[in-house]
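Undergrad: what follows is a predicted protein model with its sequence.
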Amino acid sequence: MNEISITNKNNYYQRFEVLKTNRNKRYKYNEFLVEGVRSLKEAVNNGWHIRSLIYDKNNLSDWAKDMIHTVNTEENYNLTPSLLKELSDKEDTSELMAVIEMREDSLDKIELSDTPFIVLFDRPSNKGNLGTMIRSCDALGADLLIITGHAVDLYEPDVVVAAMGSFFNLPVVRVADNHTLFQYIEKVRRQYPEFTIVGTTAHKENPIYHTDLSGPVMLMMGNETMGLNKTFKEYCDVLCTIPMSGKSYATSFNVSCAGAILMYEITRQREVEIF
């Protein structure tokens, strides 16, 4: 393993900075910057390709030293304490960061369970909501999260942080066009004849707990502001809502809260042990 020492904001350091802040550069290099013990552990445990580790070699815990020793990287970077602190988003500077290779967006490579549970998030526009949705999908047993349309970048640092380690455990695939999406859905339908597509709406439709969610299902969640687009609504087998108190001023839930409630109802109906 080759180790490069960085003592000023040279080209290497500037590349780390743009991986944090510039979406286009992330995709140009096909990599993103990650920090946090939980995220790094899960990235390694789930076989993500760690291209580089970044650290101050004079300030490392036994855990960090073990990571550096055991993870097979292309090259690592030893930074000065001040540069590492400036690069880190944490109040307490992370002792270890990583440059990780993005994964290919391929629906066909995702292995579904015997009773598939797929979630679709249409045009997410908030980093925290997307990260939280990833975490909820992972916690509540979804096989896959699909992101459609013009959306916040999956590899934004805030998305990775909000998802916690679930980011590296749950398959997430971005689908750029509806044709590819509908082809995939029809393929799943052929394989699972009882496959049901459930759309969500804030308007009074079928209460979610009156809908049979025990079989193969896709749950379609809409954009935070505009909801589920018309094309997807028309494609759904049923539209559902979460009934709210008649005394409530609120007319809808935050999308990540709604997602967690709806996904829990799926696991409840299936009587899946999730704890």
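TA: Looks like it came in fine. Numbers count the residues shown, from 1 in each chain.

Undergrad: the strand or helix carrying residue 53 pairs with which strands?
TA: Take DSSP states H and E as the rule and residue 53 turns out to sit in strand 50-55. Sheet neighbours of strand 50-55, with direction, are listed as strand 75-79 (parallel), strand 96-101 (antiparallel) (DSSP bridges).

Undergrad: deepest of those strands, which one?
TA: When the strands paired with strand 50-55 are scored by mean count of other CB atoms under 10 Å, the highest mean neighbour count falls to strand 96-101 (a mean of 22). Yep, even glycine has a C-beta here, placed from its N, CA and C like the rest.

Undergrad: give me the contact list for it.
TA: 16, 19, 30-35, 37, 40, 43, 48-55, 60, 64, 67-68, 84, 87-88 (CB atoms under 8 Å, 6 or more residues apart in numbering).

Undergrad: returning to what we had before: save the strands paired with strand 50-55 as CSV, and put in mean pLDDT and distance to residue 166 too.
TA: Formatted as CSV, the strands paired with strand 50-55 follow (pLDDT from 0 to 100; distance: least, CB to CB, whole Å):
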stretch, mean pLDDT, distance to residue 166
strand 75-79, 97, 26
strand 96-101, 97, 15
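
Undergrad: dump those to a markdown table, plus distance to residue 199.
TA: Below are the strands paired with strand 50-55 laid out as a markdown table (distance: least, CB to CB, whole Å):
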| stretch | distance to residue 199 |
| --- | --- |
| strand 75-79 | 47 |
| strand 96-101 | 34 |
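
Undergrad: for residue 265, find the nearest of these.
TA: Distance to residue 265, taken as CB to CB, is lowest for strand 96-101 among those, at 33.8 Å.

Undergrad: I'd say residue 237 and residue 198 touch.
TA: Yes. Using CB atoms under 8 Å, residue 237 is in contact with residue 198, at 7.0 Å.

Undergrad: got a pLDDT number for the closest residue to residue 132 other than its chain neighbours?
TA: Using CB to CB, 6 or more residues apart in numbering and skipping residues adjacent in sequence, the residue nearest residue 132 is residue 256, 3.9 Å away. pLDDT recorded at residue 256 is 92.

Undergrad: before we move on, what about residue 140?
TA: Note for residue 140: predicted pLDDT of 96.

Undergrad: so it sits against residue 262, correct?
TA: No. Counting by CB under 8 Å, residue 140 does not reach residue 262; the two are 9.3 Å apart.

Undergrad: what segments of this structure are helices?
TA: Per DSSP state H, the chain carries helices over the ranges 11-21, 23-29, 37-45, 62-70, 81-87, 127-139, 157-163, 178-191, 230-235, 255-270.

Undergrad: and the first one, what does it pack onto?
TA: Spelled out, that is helix 11-21. Packing partners of helix 11-21 (3 or more CB pairs under 8 Å, 6 or more residues apart in numbering; DSSP states H and E): strand 2-6, helix 23-29, strand 31-35, strand 75-79, helix 81-87, strand 96-101.

Undergrad: redo those as JSON lines? Include distance to residue 132.
TA: Below are these laid out as JSON lines (distance: least, CB to CB, whole Å):
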{"stretch": "strand 2-6", "distance to residue 132": "34"}
{"stretch": "helix 23-29", "distance to residue 132": "20"}
{"stretch": "strand 31-35", "distance to residue 132": "18"}
{"stretch": "strand 75-79", "distance to residue 132": "31"}
{"stretch": "helix 81-87", "distance to residue 132": "25"}
{"stretch": "strand 96-101", "distance to residue 132": "21"}
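
Undergrad: contacts only, for residue 94.
TA: For residue 94, the contacting residues are 35-36, 84, 88, by CB under 8 Å, 6+ apart.

Undergrad: now with 7 Å?
TA: 35-36, 88 (CB atoms under 7 Å, 6 or more residues apart in numbering).
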